[in-house]
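In: Can you look at this prediction? I've put the sequence above it.
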Amino acid sequence: MSNTYGDWLKAQREAAGLTQQELADAAIMTRSHISHIEAGRRIPSEEDARRLDKALNTGDVLSSFLPGKNDSTVANHFEPVRQLEPQATMIREFALNFVPGILQTERYARAVLGSAFPPTSNEERDKNVVTRLERAEILSDPVTPVVWALLDEGVLRRPVGGPDVMAEQLMHIVRLAEVERIRVHVMPFALGLHPLMESMLTLMWFEDQPPLAYSEGLSMGKVQDSPSVVRKLQSRYDLALSDALPLKESQALLRATAKEYGHHD
């Protein structure tokens with residue numbers, strides 16, 4: 001991102017006569033997180049920005065001018081997650097209906113985003129697809145973030161975009177798992193009820209800030225930063241993961257389902 005935001009934060013901190021550690025203490029953050037923001041390596045969450053505004057007595061400037069805040073290519077409730085994904089050291093996804101955004105192929109993403117109602121223009125749809133594919137660039141790093149994908153079997157069985165698109169999408173996930181860039185596990189229909197059936201869930205861990213959780217339903221989503229709530233959701237994820245198919249069996253099911261859609265090696 002442009003470092004204008006970080007430079008301005010640094011100038012306000014120095015004008016207030018605060019060290020990075022003193023600002024971190026006042027804003028309930030870590031010194032390293034402040035350092036990353038000032039250097040342009042991190043974008044604060046909206047809650048972080050509000051705490052910085054309060055600590056520096058800058059009104060709502062840092063909250064209002066967050067990079068990407070006014071970008072309409074993602075829903076408002078998802079914008080904090082888009083900002084946080086590149087900062088995460090580990091991401092654990094549970095998908096109930098759709099393939100997680102960072103794992104989507106272009107054609108799958110286009111099919112999902114093309115189902116919006118009211119309909120969007122082709123130009124707006126193209127911008128949304130580009131934004132979604134840009135999120136997947138975090139996987140270009142061979143190590144970080146560590147990604148676990150837990151997929152309800154319904155994600156595999158629902159033919160989003162048609163058989164050819166689904167075959168391509170499922171094999172994309174298989175290949176990411178084969179090169180050990182992600183771990184993927186499937187929650188089979190035969191399991192019946194499981195602890196994550198209420199909604200999709202994303203868990204994120206960071207080097208220099210507490211873990212967060214994000215849950216999403218129909219046209220709404222919420223970032224959870226309460227330690228007790230995050231621990232509860234982590235426990236539910238762990239419980240569901242313990243009942244999922246193992247890695248190799250999950251890959252085999254993905255391959256078999258792709259073959260049913262018409263994929264041939």
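Out: Received the coordinates, thanks. Residues are numbered from 1 along each chain as shown.
In: got the end-to-end distance for stretch 187-205?
Out: 23 Å (CA to CA, to the nearest Å).
In: average model confidence for that stretch?
Out: Stretch 187-205 carries an average pLDDT of 94.
In: now stretch 100-111
Out: Averaged across stretch 100-111, pLDDT comes to 94.
In: swap in stretch 135-150?
Out: 93.
In: Alpha carbons of it, in PDB - could you do that?
Out: This file holds the C-alpha atoms of stretch 135-150, laid out as PDB (Å, rounded to 0.1, in the frame of the first residue of the first chain):
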ATOM      1  CA  ARG A 135      -6.800 -12.100  -2.500                       C
ATOM      2  CA  ALA A 136      -5.500 -15.500  -3.600                       C
ATOM      3  CA  GLU A 137      -2.100 -14.000  -4.200                       C
ATOM      4  CA  ILE A 138      -1.300 -14.600  -0.500                       C
ATOM      5  CA  LEU A 139      -0.800 -18.300  -1.600                       C
ATOM      6  CA  SER A 140       2.100 -17.200  -3.900                       C
ATOM      7  CA  ASP A 141       4.300 -17.300  -0.800                       C
ATOM      8  CA  PRO A 142       5.300 -21.000  -0.400                       C
ATOM      9  CA  VAL A 143       5.100 -20.900   3.400                       C
ATOM     10  CA  THR A 144       2.900 -18.100   4.900                       C
ATOM     11  CA  PRO A 145       0.100 -18.000   5.700                       C
ATOM     12  CA  VAL A 146      -0.500 -21.600   6.600                       C
ATOM     13  CA  VAL A 147      -3.900 -22.500   5.200                       C
ATOM     14  CA  TRP A 148      -6.400 -25.100   6.400                       C
ATOM     15  CA  ALA A 149      -9.600 -25.500   4.400                       C
ATOM     16  CA  LEU A 150     -12.500 -27.500   5.900                       C
END
